[in-house]
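Asker: Let me see the structure of the following:
(one chain, ligands or ions: 1)
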Amino acid sequence: MSADRVVLVTGGNRGIGRAIAERFVAAGYPVAVTARSGQGPEGTLTVRADVTDAASVDAAFSEVEQQLGPVAVVVANAGITKDTLLLRMTEDDFDSVVDTNLGGTFRVVKRASKGMLKARWGRVILISSVVGLYGSAGQINYASSKAGLVGFARSLTRELGARGITANVVAPGFIETEMTAELPEEKKAEYKKAIPAGRYASADEVAGVVTWLASEDAAYISGAVIPVDGGLGMGH
Ligand code: NDP
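Answerer: Numbers count the residues shown, from 1 in each chain. Below is the predicted model:
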């Protein structure tokens, strides 16, 4: 039964990660979330982890393994933005975003792959963004980190595809969370005009796609980029 597989979602205390954790709980999976602050939703095990720190990621996985068992489904969701135009972007603005969004995914997936290889089964789901392939003025750091996840998932598919492990990217468009709440009103209205669906999505609409990718129905899908963007990227 796929619902016996242990799920770990990074950044599951709020936003999209929290909605993903809730969906997995509702589907009957044992679910752990990592959080730097706060707690995951009801029914989840919350472990502390900062994805920029490999030792902290390792300790979080060890705790999940002790309490729930080896992680079979990993959702690399934790991410940050530090938006500004190229000429104003500092080395730190660039490095910290890439280190969290892409480097964090590397640390988390590397640690998760050990158990998956042993089990010869695993689902790696990376939360990217429409911006990774569409581009976005003021987000060179963020878009680079999110585009990197596509090469990551495809290389992982080639490395581990024969071991029962799939790796896919989910690329959300504009989702109602704290991250988009920070955008100026006129920017939000401009984006809405460009989205064929004419609206932002709820975090739950992303979560439904993620739980489907973890299911047996998606066993033959790997290296894919699945947009959840109301048509903004036209399937990229
Ligand atoms: P939020 O800002 O609401 O949440 C971000 C999450 O990431 C929080 O749980 C945060 O933890 C965690 N996080 C950030 N840095 C670290 C770190 N160093 N170590 C561990 N956890 C960390 O974002 P969203 O829910 O909106 O976004 C979730 C993912 O979806 C991100 O990867 C984002 O890029 C992506 N995305 C979002 C879109 C949107 O429209 N909202 C669109 C496309 C993609 P803490 O609470 O401790 O800060």
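Asker: Give me every residue in this protein lying close to the ligand.
Answerer: For the chain, the residues in contact with the ligand (CB under 6 Å from any ligand atom) are 10-11, 13-17, 34-37, 49-52, 77-80, 100, 104, 127, 129, 172, 174-175, 177-180. Just so you know, the C-beta spots here come from the backbone N, C-alpha and C atoms, and that holds for glycine as well.
Asker: lowest-confidence helix or strand of the protein?
Answerer: Ranking every helix and strand in the chain by mean pLDDT, DSSP states H and E puts helix 178-181 at the bottom, with a mean of 85.
Asker: Give the buried residues for the following helix or strand past it.
Answerer: The first helix or strand that comes after helix 178-181 along the chain, using DSSP states H and E, is helix 185-194. By 16 or more other CB atoms under 10 Å, the buried positions in helix 185-194 come out as Y191.
Asker: Among the residues of the chain next to the ligand, name the buried ones.
Answerer: Applying 16+ other CB under 10 Å to the residues of the chain next to the ligand flags 10-11, 13-17, 34-35, 49-52, 77-80, 100, 104, 127, 129, 172, 174-175, 177, 179-180 as buried.
Asker: Okay, and which of the residues you listed map to helices?
Answerer: With DSSP state H as the criterion, helices contain G15, I16, G17, G104, M179, T180 from among these.
Asker: By residue count, tell me the biggest helix in this structure.
Answerer: Longest helix in the chain, counting by DSSP H: helix 140-160.
Asker: Pull the residues that contact it.
Answerer: 76, 79, 81-83, 86, 89, 93-94, 97-98, 100-102, 105-106, 109, 113, 116-117, 122, 124, 126, 128-129, 131-133, 135-136, 165-169, 171, 222-223, 225 (CB atoms under 8 Å, 6 or more residues apart in numbering).
Asker: one step back: excluding its own residues, what touches the least confident helix or strand of the chain? List them.
Answerer: For helix 178-181, contacts defined as CB under 8 Å, 6+ apart pick out R14, G15, T81, F174, K188, Y200.
Asker: Least confident of the residues you listed?
Answerer: Looking at those by pLDDT, the weakest one is K188, with 87.
Asker: That one: what's it in contact with?
Answerer: By CB under 8 Å, 6+ apart, K188 lies in contact with F174, T180.
Asker: From E91, how far off is it?
Answerer: Plainly put, K188 is 29 Å away from E91 if you go by CB to CB, to the nearest Å.
Asker: still on that earlier bit, would you mind giving me the ChimeraX syntax to select the buried ones in the contacts of helix 140-160?
Answerer: To isolate the buried subset of the contacts of helix 140-160 in ChimeraX, counting by 16+ other CB under 10 Å, use the following:
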select :76,79,81,82,83,89,93,94,97,98,100,101,102,105,106,109,113,116,122,124,126,128,129,131,132,133,136,165,166,167,168,169,171,222,223,225
